[in-house]
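J.: next one to model:
(one chain, ligands or ions: 1)
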Amino acid sequence: MPATLYNGPTSPFGRTARVVSLELGIAVDERVINVYTAEFLDALNPLRQIPTLVTEAGAPIYDSRVICMYFDAMSGKPSLIPPERSWARRRSPSTWSSNP
Ligand SMILES: N[C@@H](CCC(=O)N[C@@H](CS)C(=O)NCC(=O)O)C(=O)O
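T.: Predicted structure coming up:
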């Protein structure tokens, strides 16, 4: 079961996350939702924003930049993160979760 990407129809942040997943060949189950009525999202992201990712392991991750770094770390492909920002890929994805 792939990760679930809660997204919206017009979100530039969500589009960034989706494009990065496509660039890296990461399968996601994208669900386009209305963030303003999606009460279930509060349990995954206290900001109730899109994009919000729920990983295959069930861990919620939010903020598009964090989601993009997660995809980058998980892909096994050459990183999209330029060398001068290599600090962004130092941590193991297995430790990643928005809920400490
Ligand atoms: N810093 C966040 C911003 C996400 C964001 O602002 N998403 C908007 C849609 S474009 C949203 O969910 N707005 C609903 C709200 O904040 O109540 C990110 O990069 O993911």
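J.: and stretch 51-69, what's buried?
T.: Within stretch 51-69, the residues scored as buried using 16 or more other C-beta atoms under 10 Å are 51-55, 59-64, 66-69. For glycine as for every other residue, the C-beta is placed from the backbone atoms N, C-alpha and C.
J.: off-centre distance for that stretch?
T.: Its chain's C-alpha centre and that of stretch 51-69 lie 3 Å apart, by C-alpha atoms, centre = their mean, to the nearest Å.
J.: re earlier: from the buried residues of stretch 51-69, which land in helices?
T.: Within the buried residues of stretch 51-69, residues falling in helices by DSSP state H are S64, V66, I67, C68, M69.
J.: any idea which of the residues you listed is closest to the ligand?
T.: Nearest to the ligand out of these is S64 (C-beta to the nearest ligand atom; 3.5 Å).
J.: which stretch of helix or strand covers the closest residue to the closest one other than its chain neighbours?
T.: Using C-beta to C-beta, 6 or more residues apart in numbering and skipping residues adjacent in sequence, the residue nearest S64 is F13, 4.0 Å away. Using DSSP states H and E, F13 falls within helix 12-24.
J.: alpha carbons of that helix, as PDB, please.
T.: Provided in PDB are the C-alpha atoms of helix 12-24 (Å, rounded to 0.1, in the frame of the first residue of the first chain):
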ATOM      1  CA  PRO A  12       1.000  25.100  -4.900                       C
ATOM      2  CA  PHE A  13       2.500  23.400  -1.900                       C
ATOM      3  CA  GLY A  14       0.700  20.200  -2.700                       C
ATOM      4  CA  ARG A  15       1.700  20.400  -6.300                       C
ATOM      5  CA  THR A  16       5.300  20.700  -5.300                       C
ATOM      6  CA  ALA A  17       5.100  17.500  -3.200                       C
ATOM      7  CA  ARG A  18       3.300  15.700  -6.100                       C
ATOM      8  CA  VAL A  19       5.800  16.800  -8.700                       C
ATOM      9  CA  VAL A  20       8.700  15.600  -6.500                       C
ATOM     10  CA  SER A  21       7.000  12.200  -6.000                       C
ATOM     11  CA  LEU A  22       6.600  11.900  -9.800                       C
ATOM     12  CA  GLU A  23      10.200  13.000 -10.500                       C
ATOM     13  CA  LEU A  24      11.500  10.400  -8.100                       C
END
